[in-house]
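>>> Just a sequence and a predicted model for now, questions to come.
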Amino acid sequence: MSVTLAPLPYAEDALEPIISAETIRYHYGKHHQGYVNKLNALIEGSEFDEMTLPEIVAQSDGTIFNNAAQAWNHEFYWNCMTPDPIPPSSKMQALIERDFGSFDAFKETFLSKASTLFGSGWCWLELDTTEQMIITQRSNADTPIAHRHKALLCCDVWEHAYYIDYRNERARYLERWFETIDWRFVASNIIEYYHDLTEPCKENSELCDYIDKLQEENEVRT
Ligand SMILES: [Fe+2]
């Protein structure tokens with residue numbers, strides 16, 4: 001079994017003018033494809049050969065981890081963006097307000113952390129083990145899966161994500177990128193977290209109060 005490159009969820013020019021077709025051609029066609037190819041070469045005939053990509057990420061280290069995590073992170077990143085963005089639903093907004101005070105505070109913190117991450121890496125919105133949403137700076141290939149957190153949203157801040165369109169101006173890329181966020185995808189990850197729980201709901205879990213409404217709103221909006 002080998003890891004496959006998932007198709008892009010939209011045409012390569014669909015995010016223009018924010019992300020150009022040229023960026024997508026290199027980023028998806030060369031970088032993302034490259035991680036998948038390297039990973040397949042590395043795991044051929046190994047214990048990882050029969051695992052799913054998230055299983056490889058969770059159980060590997062070193063070069064295999066780097067390529068597996070980058071393959072997974074990129075697939076997730078493409079899904080975080082949409083050519084038809086709509087604002088977060090009211091329950092999604094409420095969750096953001098619960099953990100960040102306001103949507104504006106969330107945006108400011110996310111963009112600031114993405115902007116100040118030193119070197120290459122990813123800025124994430126993730127659900128930690130206490131079911132709180134947190135914003136993290138993760139270097140190189142690091143990913144919430146490695147920390148047993150649920151990934152909700154990410155922004156790629158490796159230079160290859162923005163250099164063709166924005167040169168060295170990462171902050172300008174981030175401001176425009178924020179407009180492309182697919183909030184339905186963010187909500188769907190919270191819903192998926194809930195469905196993946198081995199027990200229906202943790203005792204006194206606040207998050208559970210949000211799930212039904214979140215799911216209802218997401219269905220209306222897709
Ligand atoms: Fe990338």
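Sure thing, it's come through.

>>> Ile134 is in what secondary structure piece?
Element membership for Ile134 (DSSP states H and E) is strand 133-139.

>>> The next helix or strand after that strand - contacts with which helices or strands?
Using DSSP H and E, the helix or strand that follows strand 133-139 in sequence is strand 150-156. Strand 150-156 sits against helix 62-80, strand 121-127, helix 183-196, with contacts defined as 3 or more CB pairs under 8 Å, 6 or more residues apart in numbering; DSSP states H and E. C-beta coordinates here come from the backbone N, C-alpha and C atoms, glycine included.

>>> low pLDDT regions in the protein?
For the chain, the stretches with pLDDT under 70 are 199-200, 202-204, 222.

>>> so the residue most central in space within it bridges to which residues?
Centroid-nearest residue in the chain: Cys154, 3.4 Å away (criterion: CA atoms, centre = their mean). Beta bridges link Cys154 to Trp124, judged by DSSP bridges.

>>> Surely it touches Cys80?
Yes - counting by CB atoms under 8 Å, Cys80 is a contact partner of Cys154 at 5.9 Å.

>>> How is the chain divided into domains?
For the chain, automatic domain parsing gives the domain ranges 21-80, 90-221.

>>> gap between the residue located most distally from the centre of the chain and the ion?
Relative to the centre of the chain, and counting by CA atoms, centre = their mean, the farthest-placed residue is Gly45 at 29.4 Å. Distance, Gly45 to the ion, by CB to the ion, to the nearest Å: 28 Å.

>>> Show me what from this structure comes close to the ion.
Contact residues, the chain versus the ion (CB under 5 Å from the ion): Asp156, Trp158, Ala161.
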